[in-house]
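*Asks:* how does the following fold in three dimensions:
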Amino acid sequence: MTFNKNAAVIITAASAAMLSGAAAQDVAEAAAAQPEASEATVFVFNTLLFMISGMVVMFMAAGFCMLEAGLVRAKNAATICVKNIALYSVAGLMVYLIGYDLIYGVGEGGIIAPLNIFWGADESGSLGNGYSAHSDWFFQMVFVATAASIVSGTLAERIKLFPFLIFVAVLTGVIYPIQASWVWGAGWLDARFDDFAGSTLVHSTGGWAALAGALVVGPRAGKYVGGRVAPIPGSSLPLAALGTFILWLGWFGFNGGSQLALGTISDATDVSKIFVNTNMAACGGVVSALILTQLLYKKVDLTIVLNGAIGGLVSITAEPLQPAIWQAILIGGVGGVIVTLAVPVLDKFKIDDVVGAIPAHLFCGIWGTLIVPLSNSGVTFFGQLTGVVVIGVFVFAVSLLCWLALKYTLGVRASDEDERIGLDKSELGLEAYPEFATS
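*Replies:* Predicted coordinates:
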């Protein structure tokens, strides 16, 4: 239901003509007040979009947790759960302490915002902005946590807990906010680069950070032996499938919420279109990965098909509004192909990515960003390429420095013995599935 203030004014004015005295005056006053009611209605709907979308995106943390828990071995499942709930919490604290103001405190065309400690929750100008300041903070915070979740899956089964969380603090408090400010905070890239919901700003950022960590930490013991790739099956493919469905659901909040408005017919229509394109891109990614794995391996690989869905979702995230449905399917389908082909390429270079996050988030994020001009004529390929390269270089370089600093101070990798018995026992002193424990 949409409130039409012009119609309301006409109706109430006509009613006033048939009344007299105090009744007519009351109706006239009500008619004059309609614009304010409309402004309040827009405010409520916009704020609801932020809050509901933020809750849905927050649930993506559960999706990442289940996906990763299913793709690691049983002896590391509890640790991956700890990392996921801890990284979400660390991200929340860092966005509150410095992250949010680094994103939105930058001057127009600027590079970095002044450092302010503690976000100031000021609602005084919220009605004029069209949404609650707290709702915007929450929506942005869950995006930051998503980028950190990508790193967790890549480095699973061999990285120590507290060095990992220290890196998460740097990523969510400094690295992510600075590069996000260049675009979403009206920084120097804003006028020449477009990323609707974060194919580059969120997903490639997490992918670059994960790649840097994988290079520093190295592969799991026994993954690459004698020039061969040794498969290391996960503990629960049904759990991984559940995690993928949760992520798929969360993406509707991720992309739909990035419309940032729901107070008009146009905005509601756009959000609906975003939902459809997001869904169809994931469908395209699944089907292309399914067919390609059958052709390449003579059997369908469920883990790649699951990442095909994620690759399709990441691919459409840079521009989920403008494409026609067939274009969304194509964009997502290419994402599924990228995931399928990139997994063996990483293995060739002995880059051990436990859950396939680098192909799905980094490579598909790059693809999705570069293909935006296909459907959005206001965006140039050169501008998109500039953003991809500059953000990639910045995030990878700073992440690499952080990982190296941690490696040569605290150490980032678990000992050979801890890795052998599993991080559940060595880091937590418990097991995820004690009834099924094996010697």
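*Asks:* okay, helices next: where are they in the stretch 301-439 of the chain?
*Replies:* Secondary structure of the stretch 301-439 of the chain (DSSP state H, counting those that start in this stretch): helices located at 302-317, 325-348, 357, 364-370, 381-407, 416-421, 423.
*Asks:* would you turn those helices into TSV with distance to residue 241, mean pLDDT and mean neighbour count?
*Replies:* In this view, the C-beta of every residue, glycine as well, is placed from N, C-alpha and C. Below are the helices of the stretch 301-439 of the chain laid out as TSV (distance: least, CB to CB, whole Å; pLDDT from 0 to 100; neighbours: other CB atoms under 10 Å):
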stretch	distance to residue 241	mean pLDDT	mean neighbour count
helix 302-317	6	98	30
helix 325-348	16	97	22
helix 357	16	98	29
helix 364-370	19	98	28
helix 381-407	30	98	18
helix 416-421	27	96	13
helix 423	23	97	26
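*Asks:* tell me which of those helices lies nearest to residue 289.
*Replies:* helix 302-317 (2.7 Å; CB to CB).
*Asks:* let me know the pLDDT of the closest residue to residue 420 other than its chain neighbours.
*Replies:* Leaving aside its chain neighbours, residue 420 sits nearest to residue 221 (7.1 Å; criterion: CB to CB, 6 or more residues apart in numbering). The score at residue 221 is 95. That number is its pLDDT.
*Asks:* contacts only, for residue 221.
*Replies:* Residue 221 makes contact with 158, 416, 419, 420, according to CB atoms under 8 Å, 6 or more residues apart in numbering.
*Asks:* residue 234: which of the helices of the stretch 301-439 of the chain is closest?
*Replies:* In terms of CB to CB, the element of the helices of the stretch 301-439 of the chain nearest to residue 234 is helix 302-317, at 7.5 Å.
*Asks:* at the geometric centre of the chain, which residue sits there?
*Replies:* residue 146 (4.4 Å; CA atoms, centre = their mean).
*Asks:* residue 207 is in contact with that one, correct?
*Replies:* No. Taking contacts as CB atoms under 8 Å, residue 146 lies outside contact range of residue 207: 11.7 Å.
*Asks:* can you pull out the helices in the stretch 1-150 of the chain?
*Replies:* 5-17, 21-71, 77-94, 100-104, 126-129, 133-154.
*Asks:* circling back: what's the closest of the helices of the stretch 301-439 of the chain to residue 115?
*Replies:* Judged by CB to CB, the one of the helices of the stretch 301-439 of the chain that comes nearest to residue 115 is helix 381-407, at 16.0 Å.
*Asks:* how many residues are close by residue 415?
*Replies:* Neighbourhood size, residue 415 [other CB atoms under 10 Å]: 12.
*Asks:* quick check: residue 213 vs residue 378, distance?
*Replies:* Applying CB to CB, to the nearest Å, the value for residue 213 to residue 378 is 36 Å.
*Asks:* equivalent analysis for residue 128, please.
*Replies:* 27 Å.
*Asks:* ok, now residue 68?
*Replies:* Using CB to CB, we find residue 68 at a distance of 38 Å from residue 378.
*Asks:* neighbour-wise, which of the two wins?
*Replies:* Higher neighbour count among residue 68 and residue 378: residue 68, with 28 against 9, using other CB under 10 Å.
*Asks:* you'd agree the more buried one is up against residue 150?
*Replies:* No. If you go by CB under 8 Å, residue 68 and residue 150 don't touch, sitting 10.2 Å apart.
*Asks:* let me know the secondary structure of residue 261.
*Replies:* Under DSSP: H, G, I helix; E, B strand; the rest coil, residue 261 falls in the coil class.
*Asks:* could you say which helix or strand contains the nearest residue to it once chain neighbours are set aside?
*Replies:* Nearest non-adjacent residue to residue 261, counting by CB to CB, 6+ apart: residue 267, 4.3 Å away. Secondary structure assigned from DSSP states H and E places residue 267 in helix 265-297.
*Asks:* mean confidence for that helix?
*Replies:* Per-residue scores along helix 265-297 average to 97.
*Asks:* and for stretch 228-245?
*Replies:* 97.
*Asks:* list the buried residues for that stretch?
*Replies:* If you call a residue buried by 16 or more other CB atoms under 10 Å, then stretch 228-245 has these buried ones: 232, 234, 235, 236, 239, 240, 241, 242, 243, 244.
*Asks:* which residues are in contact with residue 321?
*Replies:* Taking CB under 8 Å, 6+ apart, one finds 196, 259, 270, 273, 274, 277 in contact with residue 321.
*Asks:* export those to TSV and tack on distance to residue 100?
*Replies:* Converted to TSV, those look like this (distance: CB to CB, whole Å):
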residue	distance to residue 100
196	20
259	20
270	25
273	29
274	24
277	29
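*Asks:* now those as a markdown table including distance to residue 164 and neighbour count?
*Replies:* Formatted as a markdown table, these follow (distance: CB to CB, whole Å; neighbours: other CB atoms under 10 Å):
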| residue | distance to residue 164 | neighbour count |
| --- | --- | --- |
| 196 | 30 | 21 |
| 259 | 34 | 22 |
| 270 | 38 | 18 |
| 273 | 39 | 19 |
| 274 | 33 | 26 |
| 277 | 35 | 25 |
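*Asks:* quick one: which of these is nearest to residue 339?
*Replies:* Residue 339 lies nearest to residue 277 out of the contacts of residue 321, by CB to CB, at 18.9 Å.
*Asks:* just checking, that closest one touches residue 315?
*Replies:* No. With contacts counted by CB under 8 Å, residue 277 stays clear of residue 315, the gap being 10.8 Å.
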